[in-house]
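Novice: no sequence for this one, just the structure:
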């Protein structure tokens, strides 16, 4: 767990970063889920907590939960990218591979820092 002063410094740094930067998305997400430490953070509350910390950098809305899937076209044999709309869990798994793990506990999906 970060000390309060470290939390303030991290929040200040992240508030100056661009929304499109995946590294900042992941850092912000880690800040949010660190609130619960080893207990895990309910993914259903991630956007609410995120928006409390960074109201000027809102969490993506559900219509923006889109992932890129790379496939080979059967006809042309070219690699193409398909954008697919997904639910929050799939979006987070795609966006945060290797950074956050997820586990269902008592019917609630929790996010944990790896």
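Specialist: Thanks, I have it. None of these values were measured; they are calculated from a predicted model.

Novice: hey, where'd the strands end up in the chain?
Specialist: Shown for the chain, the strands assigned by DSSP state E span residues 41-42, 66-72, 79-85, 100-105, 108-113.

Novice: so can I have CSV of these showing mean pLDDT?
Specialist: Converted to CSV, these look like this (pLDDT from 0 to 100):
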stretch, mean pLDDT
strand 41-42, 96
strand 66-72, 91
strand 79-85, 92
strand 100-105, 96
strand 108-113, 96
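
Novice: what's the most buried one of the ones you listed?
Specialist: Mean neighbour count, computed with mean count of other Cβ atoms under 10 Å, is highest for strand 41-42 among the strands of the chain, reaching a mean of 18. No exception for glycine: its C-beta is placed from N, CA and C like everyone else's.

Novice: Tell me which strands it pairs with, and in which orientation.
Specialist: Strand pairing for strand 41-42, determined by DSSP bridges: strand 108-113 (antiparallel).

Novice: the inter-axis angle of the strand it pairs with versus strand 100-105?
Specialist: Orientation note: strand 108-113 sits at an angle of 150 degrees relative to strand 100-105 (axes from the mean of the first three to the mean of the last three Cα atoms, to 10 degrees).

Novice: what's the distance between strand 108-113 and the middle of its chain?
Specialist: With Cα atoms, centre = their mean, to the nearest Å as the basis, strand 108-113 stands 11 Å off its chain's centre.

Novice: Name the spans of the chain whose pLDDT lies under the cut-off.
Specialist: 1-23 (pLDDT under 70).

Novice: What separation is there between the residue of it most remote from its centre and residue 106?
Specialist: Using Cα atoms, centre = their mean, the residue of the chain lying farthest from its centre is residue 75. It sits 35.2 Å away. Using Cβ to Cβ, to the nearest Å, residue 75 is found at 48 Å from residue 106.

Novice: for residue 74, same thing?
Specialist: In terms of Cβ to Cβ, residue 74 sits 44 Å off from residue 106.

Novice: Which among the strands of the chain is found nearest to residue 94?
Specialist: Nearest to residue 94 among the strands of the chain is strand 66-72 (4.3 Å), distances taken as Cβ to Cβ.

Novice: Alright, I will stop here.
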